[in-house]
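K.L.:
Provided below for reference: sequence and predicted model.
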Amino acid sequence: MTSLQTDGRVADGRLLTVEDLRTTFATERGPVCAVDGVSLTLDRGQALGIVGESGSGKTVLSRSIMGLLPSTARREGSIRFGDQDLLGPNAPDMSRLWGREMSMVFQNPMVSLNPVMRIGEQIAEPLRIHLGMSRRDAKATAIRLLRDVRIPEPDRRVDQYPHELSGGMRQRVMIAIALACGPTLLFADEPTTALDVTVQAQILELIAEQRAERNMSVVLVTHDLGVVAGHTDVIAVMYGGRLVEIAPTKVLFSQMRMPYTEALLQSIPRLDQKSHTRLNAIPGRPPDLHDPPRGCAFAPRCAFARDRCREEAPPLATAENPDHKFACWYPVGSPEYHETKERISAGLEIGSTS
């Protein structure tokens, strides 16, 4: 049961409920459905990973929930944040929720940060707008936030410009801005892109620590299953704008059913492989959403696809675990999957079978 604090914020329970969300963009070539019928839930303090290749719809999904879309976009379905209906006739002004209730750490801090504003001013701005702080108090809070995100010498860094900081420090500044007003929901859109491995680990640990300290929900958007493995409670896999698999993190890695999820996992470099081992790549390219393929969108790239896959789009089915859902006619572990696997291992041609 959701409970509310006296300031209207969600204290515990179900924080976010998305039902049959569709986001369509009007383009010169016609409408493009970038998010197609996605449903998911998120509890207070929970971490959700949204995984998929570029163009899968994961970033559009997070921006659709926050309402950060251009005028060419149209949203349909239902989005509930606590007890507030964000798409209904009495939907709140989203600008009142941004920063204070939900925030986003954007993918490229060098583009997202204002190059002609000092770091401290950019952190202080939401504090003054949403919380009504004075310039002096906002600057003091900005210094504390920089210290919270482990930026050394925060008293000096607060007066620097973005170009004077490293990539990892700029990403920490983005996190400080997002956390400034104490949101209950944080979206992190590819927060470790273009950072070296050591800094990636530090950023992910920082987000996890802040989540625990603030009882904050986190939606971690990434193309890398390895990133979400140890930092989420639930993983949702997207392809072609649709949800193709969703499960608790441990269940997904131990009992994944969607061949696309398996292909994403196999494309991750492994420590037990020899140096210069060729990486596994998913053949082909993501579907053209202006003209999506008939049937399963992944079928043209899937080694296990059969005639039915190319004709009928599979619905989300429930696995043995009721919290595990997947969209595949011949999932990983099925007799048809093993049959195809044996033919591939034997070097036999894969024919069209029903």
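P.N.:
Nice, thanks for sending it over.
K.L.:
which residues sit in contact with residue 193?
P.N.:
107, 108 (C-beta atoms under 8 Å, 6 or more residues apart in numbering). In short, each C-beta sits where N, CA and C put it, glycine included.
K.L.:
quick one: secondary structure of it?
P.N.:
Secondary structure, DSSP: H, G, I helix; E, B strand; the rest coil: residue 193 is coil.
K.L.:
mind checking how far residue 254 is from residue 140?
P.N.:
Look at residue 254 and residue 140: by C-beta to C-beta, to the nearest Å, they are 47 Å apart.
K.L.:
neighbour-wise, which of these two wins?
P.N.:
Using other C-beta atoms under 10 Å as the criterion, residue 254 and residue 140 rank with residue 140 on top: 16 against 10.
K.L.:
Is the more buried one located within a strand, as I assumed?
P.N.:
No. Checked against three-state DSSP, residue 140 lies outside a strand; its state is helix.
K.L.:
Now do the contacts for it.
P.N.:
Contact analysis of residue 140 by C-beta under 8 Å, 6+ apart lists nothing.
K.L.:
any idea how far residue 183 is from residue 97?
P.N.:
For residue 97, the distance to residue 183 (C-beta to C-beta) stands at 9 Å.
K.L.:
So for the two, which sits in the more crowded spot?
P.N.:
The residue with more neighbours, out of residue 97 and residue 183, is residue 183; 23 against 20, by other C-beta under 10 Å.
K.L.:
how would you label the nearest residue to the more buried one once chain neighbours are set aside: helix, strand or coil?
P.N.:
Leaving aside its chain neighbours, residue 183 sits nearest to residue 103 (4.4 Å; criterion: C-beta to C-beta, 6 or more residues apart in numbering). Secondary structure, three-state DSSP: residue 103 is strand.
K.L.:
Neighbours of residue 103, how many?
P.N.:
Counted with other C-beta under 10 Å, residue 103 comes out at 25.
K.L.:
what pairs with it across the strands?
P.N.:
residue 186 (DSSP bridges).
K.L.:
Hmm, it is touching residue 178, no?
P.N.:
Yes. Using C-beta atoms under 8 Å, residue 103 is in contact with residue 178, at 3.8 Å.
K.L.:
and for those two, which residues touch both?
P.N.:
residue 186.
K.L.:
Now for the closest residue to residue 325 other than its chain neighbours: which residues touch it?
P.N.:
Of all residues not flanking residue 325 in the chain, residue 316 sits nearest, at 4.5 Å (C-beta to C-beta, 6+ apart). Counting by C-beta under 8 Å, 6+ apart, residue 316 touches 243, 246, 325, 326, 327.
K.L.:
is it true that residue 238 lies in a helix?
P.N.:
No. Read with three-state DSSP, residue 238 is strand and lies in no helix.
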